[in-house]
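Student: any chance you could fold what I've pasted below:
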Amino acid sequence: MEHKTIDSYIRDFPTDIQSRLESIRQIIHRIAPTATEAISYGMPTFKLNGNLIHFAAFKNHIGLYPTPNGIEAFQKELSLYKHAKGSIQFPHSSPLPLKLITQIVQYRYDQLRSKSL
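Tutor: Prediction:
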C-alpha cells in the first residue's frame, strides 16, 4: 500500500511498532518544529531545506536514515548497531536509543539550518 501521510504509514504496523515510530516522530517534531512531514521513498520523511531525516519500520528493526554525514558524526555511538553509509538499524529486540536518536536529529537539524542562513 502506498501511503500519503506519516499517520497512514504508522497505522499499518502493530501497536508496539507504532509506538516506536511515534517516539522518533515526536523527537523530530520537538527538535525541528518547522520541518514538514512527507512520505519519500515510501518512508516517513521530514524536510527542512532538503531532507532532514527518513525513518521506517521493517520486520526486525527500525531504520533511521540521517544521510551519510549523520552517520559519520556518530561512528563511536553507532558501533553497537548495524549501520551503513546512510542507514542505521535499531533492532526491535532492544529499546530505542532515544538519546542517540535525539543527538542525530539535532545534528542534522543544525546542518540544514546553517544551510539556510
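
Student: make it CA atoms for all contacts and neighbour counts henceforth
Tutor: Noted.

Student: all helices for this structure, in order.
Tutor: If you assign secondary structure with DSSP state H, the helices in the chain sit at 6-11, 15-31, 67-72, 98-116.

Student: now those helices in JSON lines, with mean pLDDT and distance to residue 47?
Tutor: JSON lines is the format used below for the helices of the chain (pLDDT from 0 to 100; distance: least, Cα to Cα, whole Å):
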{"stretch": "helix 6-11", "mean pLDDT": "97", "distance to residue 47": "13"}
{"stretch": "helix 15-31", "mean pLDDT": "98", "distance to residue 47": "10"}
{"stretch": "helix 67-72", "mean pLDDT": "92", "distance to residue 47": "13"}
{"stretch": "helix 98-116", "mean pLDDT": "91", "distance to residue 47": "9"}
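
Student: nearest to residue 80, of the ones you listed?
Tutor: Shortest distance between residue 80 and these, using Cα to Cα, is found for helix 98-116: 11.5 Å.

Student: please save the CA atoms from the closest one in PDB.
Tutor: Output in PDB follows, covering the C-alpha atoms of helix 98-116 (Å, rounded to 0.1, in the frame of the first residue of the first chain):
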ATOM      1  CA  LEU A  98      16.200   7.800  22.200                       C
ATOM      2  CA  LYS A  99      19.100  10.000  23.500                       C
ATOM      3  CA  LEU A 100      21.200   9.000  20.500                       C
ATOM      4  CA  ILE A 101      18.400   9.500  18.000                       C
ATOM      5  CA  THR A 102      17.800  12.900  19.600                       C
ATOM      6  CA  GLN A 103      21.500  13.800  19.100                       C
ATOM      7  CA  ILE A 104      21.500  12.600  15.500                       C
ATOM      8  CA  VAL A 105      18.300  14.600  14.600                       C
ATOM      9  CA  GLN A 106      19.800  17.700  16.300                       C
ATOM     10  CA  TYR A 107      23.000  17.300  14.300                       C
ATOM     11  CA  ARG A 108      21.000  17.100  11.000                       C
ATOM     12  CA  TYR A 109      18.800  20.000  12.100                       C
ATOM     13  CA  ASP A 110      21.800  22.200  12.800                       C
ATOM     14  CA  GLN A 111      23.300  21.300   9.500                       C
ATOM     15  CA  LEU A 112      20.200  22.200   7.500                       C
ATOM     16  CA  ARG A 113      19.500  25.300   9.500                       C
ATOM     17  CA  SER A 114      23.000  26.600   8.800                       C
ATOM     18  CA  LYS A 115      22.500  26.000   5.100                       C
ATOM     19  CA  SER A 116      19.500  28.400   5.100                       C
END
